[in-house]
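J.: got a predicted structure here, sequence first:
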Amino acid sequence: MHRILRIAGAALALAGLLTTAGLPALAQEKSALEGVVNINTASAEQLELLPGIGASRAEAVIAERKARGGFKNVEDLLAVKGIGEASLTRLRPHVALEGKTTARLE
């Protein structure tokens, strides 16, 4: 019985390692963003190119944009639920308030 528990524990540990092994690849994919996303005109799909922005947060950005009549500065993103100072620091190099969205994953 003790041997079975050890084997099961080892299998769970291995499964955990295999599951988290893909996470750095996802982080690298997001960090390979080239260009900028205009947060005043971007679609939900374009917003999702940004690091830390998934489907629900992209919709929240669009809702806040509509409520404000557009973003006046990048710090306005702090009003979006789930975007704090740390998120804003990651987003800042990739967002614009004017011009075309040129972002693409490399």
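T.: Nice, I can see it. Numbers count the residues shown, from 1 in each chain.
J.: and the residue nearest the centre of the protein?
T.: Ranked by distance to the mean C-alpha position of the chain (C-alpha atoms, centre = their mean), the top residue is Gly52 at 1.7 Å.
J.: phi, psi of it?
T.: The phi and psi values for Gly52, taken as degrees, to the nearest 10, are phi 80, psi 0.
J.: can you check Leu105 too?
T.: Taking degrees, to the nearest 10, you get phi -80, psi 130 for the backbone angles of Leu105.
J.: still on that earlier bit, gap between the residue lying closest to the residue nearest to the centre of the chain once chain neighbours are set aside and Ala55?
T.: With C-beta to C-beta, 6 or more residues apart in numbering as the criterion, Gly52 has its nearest non-adjacent residue at 5.2 Å, and that residue is Ser87. For the C-beta atoms, the positions are set from N, CA and C on the backbone; glycine is no exception. When distances are taken as C-beta to C-beta, to the nearest Å, Ser87 and Ala55 turn out to be 16 Å apart.
J.: which one's more surrounded, these two?
T.: It is Ser87, of Ser87 and Ala55, that has more neighbours when counted by other C-beta atoms under 10 Å, with 18 against 11.
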